[in-house]
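K.L.:
need the 3D shape of this:
(one chain, ligands or ions: 1)
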Amino acid sequence: MAKVSIIGAGQTGATTALWLAQRELADLVLVDIVDGMPQGKSLDMTEAMPVVGSDVKIRGSNSYQETSNSDIVVITAGVARKPGMSRDDLMATNGGIIRAAVSESLKVSPEAIFIILTNPLDAMSYLAMKVSGLPRERVIGQAGILDSARMRAFVAMELGVSVQNIHCYVLGGHGDNMVPLTRHSNVAGVPLTDILLPERLDAIVERTRKGGGEIVSLLKTGSAYYAPGAALAQMVEAILLDRHLIVPASAYLEGEYGQSGIFFGVPVQLGRGGLERIIEYVLTDEERQALERSASHVRETIAGLDG
Ligand code: APR
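P.N.:
Sure thing, here's the model as predicted:
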């Protein structure tokens with residue numbers, strides 16, 4: 001059985017574990033700094049497995065030793081947003097947490113592929129790659145599946161069509177100037193731009209961009225975790241099952257989309273080696289300009305990292 005460790009057993013980490021445990025893909029280890037919490041959550045989940053019929057082992061720990069020889073390490077440790085905060089406001093606190101989580105995990109799982117979820121996502125993924133010294137194939141940030149899933153959910157609500165027929169692609173940085181690609185998004189092959197009136201499509205694009213903030217303002221005490229957890233589970237599955245699945249994710253760019261030296265949301269192909277390739281769409285001038293704007297924001301955020 002493969003082994004997946006999740007660093008940070010809070011709302012998103014624990015939810016990711018649950019989505020994964022139900023899929024029976026890997027044994028799971030939850031690590032957190034809070035004494036007893038990862039142990040308690042993992043025992044609770046273990047006790048759910050007879051009901052759902054999954055034979056995975058789920059353990060919780062306050063030590064990285066338990067994570068040794070993981071195939072994948074998912075990092076969800078860090079503080080979440082409160083109302084009125086942007087993802088960038090989390091930078092200083094979460095930067096320190098990411099540094100520790102990546103270096104401690106790598107010591108005991110030198111072959112692992114890292115998937116980062118902690119915000120600000122593109123900057124934290126960049127930091128994880130720098131701290132680990134790993135090639136870009138082994139450090140990938142989760143943002144695009146979530147942002148695209150939000151857009152898909154909004155289109156499904158609008159049209160009353162199965163979510164399975166709806167394909168949306170949101171690229172760019174994981175912030176309020178992310179770039180929903182309406183021309184590439186479709187319902188059973190028909191572009192959204194042909195189905196929805198421009199004002200309805202604009203409203204869906206705007207709601208997608210602010211999707212994370214909408215949840216924060218409703219919850220008031222933290223940020224989204226069901227959909228982020230589901231997105232992480234899909235990435236883990238694509239890698240462990242060597243699916244060669246194409247999804248939007250944050251990857252380190254080396255010239256793709258005219259960008260270098262930043263993590264940025266682009267379509268990637270995921271398989272057992274991690275990031276297998278980056279797919280480059282042909283873009284209109286307008287789409288390219290929107291991506292440039294988003295990239296310059298990510299570049300500024302990354303420049304704000306210490307050292
Ligand atoms: N090592 C391990 N776990 C840590 C560390 C650390 N150094 N520092 C904090 N944690 C743990 C906390 O104890 C907490 O249980 O990380 C967990 C974070 O969980 P939540 O507070 O529930 O936050 P969550 O909603 O899961 O969001 C986590 O994901 O979406 C992003 O912006 C969000 O950056 C945030 C992260």
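
K.L.:
close to the ligand, is the host helix or strand of Ile246?
P.N.:
Ile246 belongs to strand 245-254 when assigned by DSSP states H and E. No - Strand 245-254 stays clear of the ligand (C-beta under 6 Å from any ligand atom), getting no nearer than 12.7 Å. The way it works is simple: take the backbone N, C-alpha and C, and place the C-beta from them, glycine included.

K.L.:
list the buried residues for the host helix or strand of Asp44?
P.N.:
Here Asp44, judged by DSSP H and E, is contained in helix 37-52. Judged by neighbour count using 16 or more other C-beta atoms under 10 Å, the buried positions of helix 37-52 are 37-39, 41-42, 45-46, 49.

K.L.:
quick check: nearest residue in space to whichever residue of the stretch 101-250 of the chain sits closest to the ligand, chain neighbours excluded?
P.N.:
As assessed by C-beta to the nearest ligand atom, the ligand sits closest to Asn119 within the stretch 101-250 of the chain, at 3.4 Å. Leaving aside its sequence neighbours, Asn119 sits nearest to Arg87 (C-beta to C-beta, 6 or more residues apart in numbering; 4.1 Å).

K.L.:
which residues touch that neighbour?
P.N.:
By C-beta atoms under 8 Å, 6 or more residues apart in numbering, the contact set of Arg87 is 81, 119-121, 174-175, 212.

K.L.:
7 Å instead, please
P.N.:
81, 119-121, 174-175 (C-beta atoms under 7 Å, 6 or more residues apart in numbering).

K.L.:
ok, now how distant is it from the ligand?
P.N.:
With distances taken as C-beta to the nearest ligand atom, to the nearest Å, Arg87 is found 6 Å from the ligand.

K.L.:
confidence score at that residue?
P.N.:
Note on Arg87: pLDDT of 87.

K.L.:
residues in contact with Arg136?
P.N.:
With C-beta under 7 Å, 6+ apart, Arg136 has these contacts: 129, 251-252, 275.

K.L.:
if we can go back for a sec, for Arg99, state which of the buried residues of helix 37-52 is nearest.
P.N.:
Checking the buried residues of helix 37-52 against Arg99 with C-beta to C-beta, the nearest one is Pro38 at 20.1 Å.

K.L.:
my read is that that closest one contacts Ala9, right?
P.N.:
Yes - counting by C-beta atoms under 7 Å, Pro38 touches Ala9, with 3.9 Å between them.

K.L.:
which positions in the stretch 101-250 of the chain make contact with the ligand?
P.N.:
101, 117-119, 222-223, 225, 228.

K.L.:
which ones are touching the residue of the stretch 1-150 of the chain found nearest the ligand?
P.N.:
Nearest residue of the stretch 1-150 of the chain to the ligand: Gly10, at 1.7 Å (C-beta to the nearest ligand atom). By C-beta under 7 Å, 6+ apart, the residues touching Gly10 are Thr76.

K.L.:
try it again at 8 Å.
P.N.:
Counted by C-beta under 8 Å, 6+ apart, Gly10 has contacts 32, 76-77, 80, 225.

K.L.:
and for Pro38 and Ala9, which residues touch both?
P.N.:
30-32, 60.

K.L.:
quick one, strands of the stretch 1-150 of the chain?
P.N.:
Along the stretch 1-150 of the chain, the stretches classed as strands by DSSP state E, counting those that start in this stretch are 2-7, 26-31, 58-61, 72-75, 113-116, 139-141.

K.L.:
understood, closing this out.
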